[in-house]
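Novice: Here you go, sequence then predicted model.
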Amino acid sequence: MDNTIRVFSGRTFSPEDLEMIKWARKSYPKLPRNELAGTVCELLGWTTPGGTAKRAQCMAFLEKLEEEGIIQLPPVDITKQNKCRVRRKEYEFDTNEQNGEVGDYEPIRLVIARPGEELKRWRAYVEQYHMLGDKIVFGSRLQYFVKSGDKELGCIQFSASSWALEERDKWIEWM
């Protein structure tokens, strides 16, 4: 058995954990991918602090293991893909270019994007204007609108992963 310890999405996996994943795949060959990920989370106790299974992270890890030839996942059920797609409300955005100095817009403030319509609008902005679109982010995060008065100037997100960047920040001399 390979004694390599793996780390993925902040979790350490022992060789025994990998054997458990292989066992689950072999023991439940008809489980769809999402249910397999849920089963693996349950077997390994891979949960959020609130106790919910980390299915998205687990699915990404299982796909990585498949790429490496360690396991073979069930085929993707394309009949269910369209049913699961998130349907987003269309928003009309003010696309007028902002000109002037930063001082012209002061005070600039960050306003948290609250769950519901605000967060949906934030995600729609990012999907439309960010070069990578609105990607799934693992871990804790906070999304904000950058505002001047009632005018939304931009969006920003802080993720838990940023806490691991202290050495980089020192090197850049941000700290």
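Specialist: All right, it came through fine.

Novice: domain ranges for the chain?
Specialist: Domain ranges of the chain: 6-81, 102-172, per automatic domain parsing.

Novice: For residue 92, which of those is the nearest?
Specialist: Closest to residue 92 of the domains of the chain is domain 102-172 (Cβ to Cβ; 10.3 Å). For the C-beta atoms, the positions are set from N, CA and C on the backbone; glycine is no exception.

Novice: Between the two ends of the closest one, how far is it?
Specialist: End-to-end span of domain 102-172 (Cα to Cα, to the nearest Å): 24 Å.

Novice: Tell me how many other residues surround residue 71.
Specialist: Applying other Cβ atoms under 10 Å, we find 18 residues neighbouring residue 71.

Novice: three-state assignment of it?
Specialist: State at residue 71, reduced to three classes by DSSP: H, G, I helix; E, B strand; the rest coil: coil.

Novice: Contact partners for it?
Specialist: Applying Cβ atoms under 8 Å, 6 or more residues apart in numbering, we find residue 71 in contact with 21, 22, 25, 62, 65.

Novice: Can you add mean pLDDT and distance to residue 92 and give the domains of the chain back as JSON lines?
Specialist: Output for these, formatted as JSON lines (pLDDT from 0 to 100; distance: least, Cβ to Cβ, whole Å):
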{"stretch": "domain 6-81", "mean pLDDT": "88", "distance to residue 92": "29"}
{"stretch": "domain 102-172", "mean pLDDT": "85", "distance to residue 92": "10"}
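
Novice: would TSV of those domains with distance to residue 96 be doable?
Specialist: Putting the domains of the chain into TSV (distance: least, Cβ to Cβ, whole Å) gives the following:
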stretch	distance to residue 96
domain 6-81	37
domain 102-172	10
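
Novice: Between all of the contacts of residue 71, which two are separated the most?
Specialist: The span of these, defined through Cβ to Cβ, is set by 22 and 62 at 10.9 Å.

Novice: which one of these two has more residues nearby?
Specialist: Neighbours per residue (other Cβ under 10 Å) separate residue 22 from residue 62, with residue 62 holding more: 21 against 13.

Novice: Is that one in a helix, a strand, or coil?
Specialist: Here residue 62 is recorded as helix under three-state DSSP.

Novice: could you pull out the strands for this protein?
Specialist: For the chain, the strands defined by DSSP state E cover 6-8, 11-13, 108-112, 141-148, 151-159.

Novice: Would you mind giving the ones you listed as TSV with mean neighbour count added?
Specialist: Formatted as TSV, the strands of the chain follow (neighbours: other Cβ atoms under 10 Å):
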stretch	mean neighbour count
strand 6-8	13
strand 11-13	14
strand 108-112	12
strand 141-148	16
strand 151-159	15
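
Novice: so which of these gets nearest residue 126?
Specialist: The closest of those to residue 126 is strand 151-159. By Cβ to Cβ, the value is 5.7 Å.
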